[in-house]
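> generate a structure from the sequence data that follows.
(one chain, ligands or ions: 1)
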Amino acid sequence: MQKYSRIISTGSYLPQKILTNKDLENMVDTSHEWIIERTGIESRHIASECESSVDMAYNASLIAMKNAGLNSNDIDMIVVATTTPERKFPSTAVLLQNRLKNNSAFAFDLNAACTGFIYALDVADTYIKNEVVNNVLVVGTEKITSLLDWSDRNTCVLFGDGAGAALLSSSEIPGIISNTIGSDGTYKDLLTVNTDREVIEMSGNDVFKIAVNTMGKLASETLAKNNMTVESIDWLIPHQANSRIINAVARKINLPEEKIIMTVKTHGNTSAASIPLALDHANSNNLIKKNDIIMFEAFGAGFTWGSTLLKY
Ligand code: COA
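Purely as a prediction, here's the structure:
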């Protein structure tokens, strides 16, 4: 019998501290109005000095495990998508495994920038379909504000911290219907953190245009590949970078705005954590029903991109 992966539960964590656009007005030459109009962001959460991507991942994972009724040792694989690991090594996933007191899984990190969660889902799905594992904990966690130059108004207003977790389990019914991932290193310098400066540097306007075109094309291709039309989609859960990017993509594929889960207003861009955070937000607010067709879609530094189509 063919095996599929189902998302059986989600969890998320957002740091306590909230930084508003008004707060940013006191830090750089910007305004609440400019940020709202250009990005749709009103506020974002900021991890404290002593809070790491592992701490946030741990909190999100505990909720996902509780919601699924699974114990730590029921998990046989842990994949963490992050660009802001607590240590160079061991990986965030192994540190998370230790915190969860899990001794039955293999664990590793994956970096595909803001597309990391989609890449991690693809890897988890492949291991489940090949019957290597049964239960996978997939986490996106970022302390992305640790990579900000707080004097650069082009970037410091855009990002926020947090973590989201999803538990995937083997099932005889789908589940994940299809994954598509891609990358193109030609654009390596348009959005980057160089090791000499260790801060995000971005050519915002170029990223904006390429993100809209790539995500629009990817959504259409994902539907076509699965013989579906946009009417089949109950929810689009896109990477939350900018409400203007998200709305432009929705217009390209004729998806009504009310079918989009939008959390960028209060989360900002949380990189690899943004889709699982938005998914858990939708779940916690009972927006998603069983059997709903959902499309995840992301775009990030590299560039990288990816989509997941699934039946909930
Ligand atoms: N407050 C006020 N003014 C700002 C500002 C801020 N926070 N940031 C930039 N500006 C200024 C610029 O300096 C520029 O001024 P100038 O015309 O005097 O040079 C002006 O606003 C327009 O800048 P521009 O970069 O053309 O604005 P934009 O409409 O492209 O919006 C972004 C800027 C960053 C919001 C937009 O390009 C964007 O969202 N890009 C995608 C970024 C992203 O999502 N990255 C992550 C992808 S995973």
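
> what does the top helix by length along the chain contact?
Scanning the chain for the longest helix, with DSSP state H as the assignment, gives helix 204-225. Helix 204-225 is contacted from outside by 154-155, 178, 180, 182, 187, 190-191, 229-230, 232-233, 236, 238, 241-242, 244-245, 248-249, 252-253, 255, 295, 297, 299, 303, 305-307, 309, using CB atoms under 8 Å, 6 or more residues apart in numbering. All C-beta spots, glycine's among them, are computed from the backbone N, C-alpha and C.

> show me what residue 7 is bridged to.
residue 168 (DSSP bridges).

> isn't it right up against residue 311?
No: the criterion here is CB atoms under 8 Å, and residue 7 misses it with residue 311 at 9.9 Å.

> the more surrounded of these two?
Taking other CB atoms under 10 Å, residue 7 and residue 311 do not tie; residue 7 has more neighbours (25 against 17).

> contact partners for that one?
Residue 7 neighbours (CB under 8 Å, 6+ apart): 166-168, 176, 279, 310, 312.

> repeat that for 7 Å
Each residue near residue 7 by CB atoms under 7 Å, 6 or more residues apart in numbering is listed here: 166, 168, 310, 312.

> can I assume the first one sits in a strand?
The one in question is residue 166. Yes: under the criterion used here (DSSP: H, G, I helix; E, B strand; the rest coil), residue 166 sits inside a strand.

> distance of it from residue 84?
Using CB to CB, to the nearest Å, we find residue 166 at a distance of 19 Å from residue 84.

> these two: which is more packed in?
residue 166 (29 against 22).

> report the contact partners of the more buried one.
7, 10, 64, 138, 276, 279.

> next step: those residues restricted to strands.
7, 10, 138 (DSSP state E).

> and the stretch 1-150 of the chain, which residues reach the ligand?
Contact residues, the stretch 1-150 of the chain versus the ligand (CB under 6 Å from any ligand atom): 30, 34-35, 38-39, 114.

> buried among those residues? Make that a PyMOL selection.
A single PyMOL command selects the buried members of those (16 or more other CB atoms under 10 Å):
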select buried, resi 30+35+38+39+114
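
> now the residues of the stretch 1-150 of the chain next to the ligand as a markdown table including secondary structure?
Putting these into a markdown table (three-state DSSP) gives the following:
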| residue | secondary structure |
| --- | --- |
| 30 | coil |
| 34 | helix |
| 35 | helix |
| 38 | helix |
| 39 | helix |
| 114 | helix |
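
> before we move on, back to that, for the ones in strands among the contacts of residue 166, give me JSON lines that also has pLDDT and distance to residue 105.
Below are the ones in strands among the contacts of residue 166 laid out as JSON lines (pLDDT from 0 to 100; distance: CB to CB, whole Å):
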{"residue": "7", "pLDDT": "98", "distance to residue 105": "18"}
{"residue": "10", "pLDDT": "98", "distance to residue 105": "18"}
{"residue": "138", "pLDDT": "98", "distance to residue 105": "12"}
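
> closest to the ligand out of those residues?
Using CB to the nearest ligand atom, residue 138 comes nearest to the ligand of those, at 19.2 Å.

> ok, that closest one to residue 82 distance?
Distance from residue 138 to residue 82, by CB to CB: 12 Å.

> buried ones in stretch 79-92?
Judged by neighbour count (16+ other CB under 10 Å), stretch 79-92 contains these buried residues: 79-86, 90-92.

> now do the helices in the stretch 101-250 of the chain.
116-129, 153-156, 204-225, 243-252 (DSSP state H, counting those that start in this stretch).

> which of those helices sits most buried?
helix 116-129 (a mean of 24; mean count of other CB atoms under 10 Å).
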